[in-house]
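Chemist: all I have is the shape, not the residue letters:
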Ligand SMILES: [Zn+2]
């Protein structure tokens, strides 16, 4: 963990997926960096993502040496957030339920560090009452 990303992990622990927005060129990006990766401006502010997006591409890993079998298969995906940001992440779902274009939403997995949570995605379930 670096000072640059500390705020990101801290907000993740609060259930917030934080993106960075460049005030110079308007680029919204993940993960947090002090300089805009496009124009290298340091005029960057944080903003919260809606946490929803769709699967842009994905791959399924069924065996990883040394990986707990309970956590397999592992779906590794590029999720394109509604903000237009693509992030590499895990989708916690049966691989049969994941396809390109599947709507997903962020959830957070706690770690042993109390201030750190890892953002992962789960498919958005249809048919729930829309409050
Ligand atoms: Zn920029």
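Modeler: That came through, no problem. Given the structure is predicted, the values throughout are model-derived calculations rather than measurements. Residues are numbered from 1 along each chain as shown.
Chemist: tell me the residues of the protein that contact the ion?
Modeler: Selection of the chain residues close to the ion by C-beta under 5 Å from the ion yields 22, 24-25, 27, 36, 38-39, 41. Where C-beta positions appear, they are placed from N, C-alpha and C, glycine not excepted.
Chemist: which of these fall within strands?
Modeler: In this view, these that belong to strands under DSSP state E are residue 22.
Chemist: in helices, which of the residues of the chain next to the ion appear?
Modeler: When the residues of the chain next to the ion are checked against helices using DSSP state H, none is located there.
Chemist: quick one: which of the residues of the chain next to the ion is nearest residue 102?
Modeler: Of all the residues of the chain next to the ion, the one with the least separation from residue 102 (C-beta to C-beta) is residue 27, at 25.6 Å.
Chemist: coming back round to it: which of the residues of the chain next to the ion are buried?
Modeler: When burial is judged by neighbour count using 16 or more other C-beta atoms under 10 Å, the buried members of the residues of the chain next to the ion are 22, 27, 36.
Chemist: quick check: closest non-adjacent residue to the last one.
Modeler: Counting by C-beta to C-beta, 6 or more residues apart in numbering, residue 22 is the residue found nearest to residue 36 once chain neighbours are left out, at 3.8 Å.
Chemist: my guess is the one you found contacts residue 34, does it?
Modeler: No. Applying C-beta atoms under 8 Å as the test, residue 22 and residue 34 come out as separate, 11.0 Å apart.
Chemist: which residues are common contacts for the two?
Modeler: Where contact means C-beta atoms under 8 Å, 6 or more residues apart in numbering, the residues bridging residue 22 and residue 34 through contact with each are residue 44.
Chemist: what helices or strands is the strand of greatest length in the chain leaning on?
Modeler: Ranked by number of residues, the top strand in the chain under DSSP E is strand 52-61. If you count contacts as 3 or more C-beta pairs under 8 Å, 6 or more residues apart in numbering; DSSP states H and E, strand 52-61 packs onto strand 74-81, strand 86-91, strand 103-110.
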